[in-house]
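Student: got a sequence here, can you build the structure:
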Amino acid sequence: MPLFEVDPDKCNRDGICVDECPIKIITMKDKDSVPRPVKGADQLCIQCGHCVAVCPTGALSHQSMRPEDCPPVRKEWKLGPEQAEHFLRARRSIRTYKDKPADRETLSRLIEIASHAPSGHNTQPVHWHVVHDTQTLQEQIGLVVDWMRYMIKKQPEMANMMHLDMVVAAWDFGIDTVCRGAPHVIIAHGHKDHPMAPNACVIALTYLELAAPSLGLGTCWAGFYNAAAMYWPELQKAIGLPEGHLCYGAVMVGYPKYKYQRLPLRNSPQITWQ
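Tutor: Residues are numbered from 1 along each chain as shown. Got it, this is the predicted structure:
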């Protein structure tokens, strides 16, 4: 199959796919012809699927996806401004969890949703690692605390700024303020040499935390865990990411113990205009 095919009977020659292609590799000879790829399009195409998604008649089939394989946009599910604001403001960072693990199917569904997050040039460089076993996670948190003890000795100013002494003291007292008793951690990682990986991982994890409540789950960014995963060799070894990969973000995941009843206030945004 060529890069894409156009059904002449369905195509209304509106040129929308030509306008919407981000790489500009679709052209039309004239208003009576159907869209076709430009020379070298196969090498330039980033397989974003815009051409398939935007065609109002489903006339264009890309070699990597057909219109019938792509779920339709449900116009009746579109959020209005008030609904979108409520959806975003209702998200909470969860730090108190039920003593109940999430099954792998649910977490896989959550990651599948998050995997549709945008990435530069549609490179999709994000890889996922789930610490599902709670005992394994507890052992890794112990390594995070070891990193904190090292920081307190070797970099006291940084440790003081992060209040690592309080976290270590709580851990020694039997209280986990690293992952807050969450049963799981989800890591987004990518190759250290991929320029899009750091931002793409953060964006994907943001999608993940926004999608989590729809599955009954809560999340919180695991900053201490992520810092140790970036800099502490013992934790890196325990996590076991592929060679050359770095942890670019981690979130704790579990079922929230409590439900929030109101939307808290925030500072007014600071805006400049040009």
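Student: from here on, contacts and neighbour counts on C-alpha atoms
Tutor: Noted.
Student: and the residue most central in space within the chain, how far from Tyr260?
Tutor: What sits nearest the mean C-alpha location of the chain, by Cα atoms, centre = their mean, is Ala204, with 1.3 Å. Distance, Ala204 to Tyr260, using Cα to Cα, to the nearest Å: 25 Å.
Student: and what of Asp19?
Tutor: 45 Å.
Student: more crowded one of these two?
Tutor: Neighbours were counted for Asp19 and for Tyr260 using other Cα atoms under 10 Å; Asp19 has more, 14 against 11.
Student: on the three-state scheme, the more buried one is what?
Tutor: For Asp19, the secondary-structure state derived from DSSP: H, G, I helix; E, B strand; the rest coil is helix.
Student: identify the residue nearest Ile26 in space, chain neighbours excluded?
Tutor: Using Cα to Cα, 6 or more residues apart in numbering and skipping the chain neighbours, the partner closest in space to Ile26 is Pro37 (4.6 Å).
Student: contacting residues for that neighbour?
Tutor: 3-4, 25-27 (Cα atoms under 8 Å, 6 or more residues apart in numbering).
Student: now with 7 Å, please.
Tutor: 25-27 (Cα atoms under 7 Å, 6 or more residues apart in numbering).
Student: likewise for Ala159?
Tutor: 151-152.
Student: and it, its phi and psi?
Tutor: phi -60, psi -40 (degrees, to the nearest 10).
Student: which other helices and strands contact the lengthiest strand in the chain?
Tutor: Using DSSP state E, we find that the single longest strand of the chain is strand 245-254. Contacting strand 245-254 under the criterion 3 or more Cα pairs under 7 Å, 6 or more residues apart in numbering; DSSP states H and E are the following elements: strand 184-191, helix 197-211, strand 218-221, helix 223-231.
Student: and those: which comes nearest Gly142?
Tutor: Nearest to Gly142 among the helices and strands packed on strand 245-254 is helix 223-231; the distance by Cα to Cα comes to 10.1 Å.
Student: return the list of helices and strands in contact with the closest one.
Tutor: helix 134-154, helix 233-239, strand 245-254.
Student: tell me which helix or strand the residue of the chain most remote from its centre sits in.
Tutor: Distance from the C-alpha centroid of the chain peaks at Asp32, with 42.2 Å (Cα atoms, centre = their mean). Using DSSP states H and E, Asp32 falls within no helix or strand.
Student: tell me the contacts of it?
Tutor: Per Cα under 7 Å, 6+ apart, neighbours of Asp32: Arg13.
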